[in-house]
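Peer 1: sequence and computational prediction follow.
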Amino acid sequence: MEKSNYLRSVLEEASAKNATEPEFLQTLKEVLTSLEKVVVKNEDYYKSLSLLERLVEPERIISFKVPWVNAKGEIKVNRGYRVQFNGAIGPYKGGLRFHPSVNQSIMKFLAFEQTFKNALTGLPIGGGKGGSDFDPKGKTDLEIMNFCQSFMNELQKYIGADVDVPAGDIGVGGREIGYLFGQYRKIRSLYEAGVLTGKGLEYGGSLARKEATGYGLMYYMREMLTTNNIELKGKTAVISGSGNVAIYAAEKAKQMGIKVLAMSDSNGCVYDENGINLDIVKEIKEVKRGRIKEYLNSVPSAKYTENSGTTPAVYTIKADIILPCATQNDINLETAKILVANGAIAVGEGANMPTTNEAIEYLQANNVLVAPAKAANAGGVATSALEMSQNSMRYSWTFEEVDKKLENIMKNIFKQCKDAAQEYGLGVNYVAGANIAAFNKVSKAMIAQGVI
Ligand code: NDP
């Protein structure tokens, strides 16, 4: 393959500049490397515009202090972030993550990926991401509210329905969005429904938003598998995670005739040979906010395995379809080898960057189809954009209407990945296809708007 010296020099420069940010560098390497064939075709033109240098630099990084008071009356301080990466296509859009691991590198990788993902949806949204190193686990409702209010006291300066529209992510669900929205409304004295998505149905939320990322993942998987003449019905799956994305991926998988054998959380995984009972998982995770291990209280015949070592227990269970829906770098090379040895057919990335670059290469080299996160989990943000549309119209679509639009969007996203991969002779490398299709859109918008 012809090499692009320009692309390589940008990657080298970005690697030096962001040397302390491993997750951000990981996505830069993955995306830029896969764009080589595209860049080579127009190398001088892109170089004259410093297009890649501009693409890899966030438009704005906001970092702020979040002081709050816990249930014992102690004052705690966390760090908040909002990375507004690229606004060429529309207002910045992307979730908020509350997890102790949050840092600038993770925020930047998520915001960069979000830019590409949002472009693939075909909807007018730019890329952003935010969050805090706050740990919601074990906190009372009041503590969560105190934290969300303090977080919004600062964040509200930088967001708005036409500016930047946050949503949920790890540790941020309907409860947190409610508290954040309430505080925004109070500070601004303004009912600006379109400033946040993932809202409750009583105050501007969209039907099917909660289900959208997981359902969308399975719509994408169906397109990818049927295109490759693989039937879904009768297949088995394992799902890493048991949060929002995992639960609704499992629900749709079941509707498609797939048996979900195992689900997990950060402690370990449950295996149920009869197929995971989702009502029980929803009760544990959505109502009690408990641990997946508690599944055994309802199904004593299920098996629980605690995580140990570098391969999460859920990936040691043999299944046809692997759905990482927890966190980044969940599947490393060692895990990928286990999946291949166990005869996995496909990996569908529900989480963002759940597979390391080496693991993706290994899976693809061993004929495992990979549905890339940027495309396969875009159903959540796409439905968030549908929520924004409904807020602007002051109107609500039915569940079926939103779900149908989501399904069509996912079909279209898969088509873009497939067509781009085909155009550049990349076969079934939908990972590269997604990057190329998104790059073509974002770069055109950036070029049209000049050097800003
Ligand atoms: P939730 O907070 O609802 O659930 C996260 C799940 O992943 C939990 O089961 C959690 O287990 C597990 N998990 C989180 N962190 C880790 C970790 N460090 N190691 C192991 N397991 C972990 O989050 P979501 O379901 O919303 O998000 C899951 C993934 O999907 C993330 O990568 C997110 O960025 C991505 N995503 C989410 C979208 C959405 O609409 N919500 C949209 C697109 C992508 P535990 O409870 O033990 O922490």
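Peer 2: Ah, there it is.

Peer 1: which strands and helices sit next to the strand or helix carrying residue 47?
Peer 2: Using DSSP states H and E, residue 47 maps to helix 43-48. Packed against helix 43-48 by the contact rule (3 or more CB pairs under 8 Å, 6 or more residues apart in numbering; DSSP states H and E) you find helix 5-17. Yep, even glycine has a C-beta here, placed from its N, CA and C like the rest.

Peer 1: 10 Å instead, please
Peer 2: helix 5-17, helix 36-41, helix 51-55, helix 430-448 (3 or more CB pairs under 10 Å, 6 or more residues apart in numbering; DSSP states H and E).

Peer 1: list the buried residues of it.
Peer 2: When burial is assessed from 16 or more other CB atoms under 10 Å, helix 43-48 yields the following buried residues: 46-47.

Peer 1: next: stretch 288-295.
Peer 2: 291-295.

Peer 1: on that earlier part again, which of the helices and strands packed on helix 43-48 sits most buried?
Peer 2: Ranked by mean neighbour count, the helices and strands packed on helix 43-48 are led by helix 430-448 with a mean of 22 (mean count of other CB atoms under 10 Å).

Peer 1: do that helix and the ligand meet?
Peer 2: No: with CB under 6 Å from any ligand atom as the criterion, the ligand is not reached by helix 430-448; the gap is at least 13.8 Å.

Peer 1: any idea how far that helix is from the chain center?
Peer 2: Distance of helix 430-448 from the chain centroid (CA atoms, centre = their mean, to the nearest Å) equals 18 Å.

Peer 1: put the alpha carbons of it into CSV.
Peer 2: Extracted C-alpha coordinates of helix 430-448, given in CSV (Å, rounded to 0.1, in the frame of the first residue of the first chain):
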residue,chain,number,x,y,z
TYR,A,430,-15.9,-2.1,8.5
VAL,A,431,-13.7,-0.6,11.2
ALA,A,432,-11.8,1.2,8.4
GLY,A,433,-15.0,1.8,6.4
ALA,A,434,-16.5,3.7,9.3
ASN,A,435,-13.5,5.9,9.7
ILE,A,436,-13.3,6.7,6.0
ALA,A,437,-17.0,7.5,5.6
ALA,A,438,-17.0,9.7,8.7
PHE,A,439,-13.7,11.4,7.7
ASN,A,440,-15.1,12.2,4.3
LYS,A,441,-18.1,14.1,5.8
VAL,A,442,-16.3,15.9,8.7
SER,A,443,-13.4,16.9,6.4
LYS,A,444,-15.7,18.4,3.8
ALA,A,445,-17.6,20.4,6.4
MET,A,446,-14.3,21.6,7.9
ILE,A,447,-12.8,22.6,4.5
ALA,A,448,-16.0,24.4,3.5
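
Peer 1: just to revisit the earlier point, chain center to the helix holding residue 47, what's the gap?
Peer 2: 31 Å.

Peer 1: now do stretch 444-452
Peer 2: That offset, for stretch 444-452, works out to 26 Å (CA atoms, centre = their mean).

Peer 1: and for stretch 349-364?
Peer 2: So, by CA atoms, centre = their mean, the centroid of stretch 349-364 is 13 Å from its chain's centroid.

Peer 1: what's near enough to touch residue 238?
Peer 2: Under the criterion of CB atoms under 10 Å, 6 or more residues apart in numbering, the neighbours of residue 238 are 260-264, 269, 271, 276, 313-324, 339, 342, 344.

Peer 1: and it, that's in a strand?
Peer 2: Yes: Residue 238: assigned to a strand according to DSSP: H, G, I helix; E, B strand; the rest coil.

Peer 1: quick one: it and the ligand, what's the gap?
Peer 2: Taking CB to the nearest ligand atom, to the nearest Å as the measure, residue 238 falls 13 Å from the ligand.

Peer 1: now residue 354
Peer 2: Distance, residue 354 to the ligand, by CB to the nearest ligand atom: 7 Å.

Peer 1: and if you look at residue 224?
Peer 2: 17 Å.

Peer 1: interface residues of the stretch 51-200 of the chain facing the ligand?
Peer 2: Taking CB under 6 Å from any ligand atom as the criterion, the stretch 51-200 of the chain approaches the ligand at residues 168-171, 173.

Peer 1: rerun at 8 Å
Peer 2: Applying CB under 8 Å from any ligand atom, we find that the stretch 51-200 of the chain lies next to the ligand at 95, 97, 99, 101, 110, 117, 137, 167-173, 198.

Peer 1: just curious, which of these is nearest to residue 381?
Peer 2: residue 117 (6.3 Å; CB to CB).

Peer 1: helices - which of the residues of the stretch 51-200 of the chain next to the ligand land there?
Peer 2: With helices taken from DSSP state H, the overlap with those comprises 110, 117.
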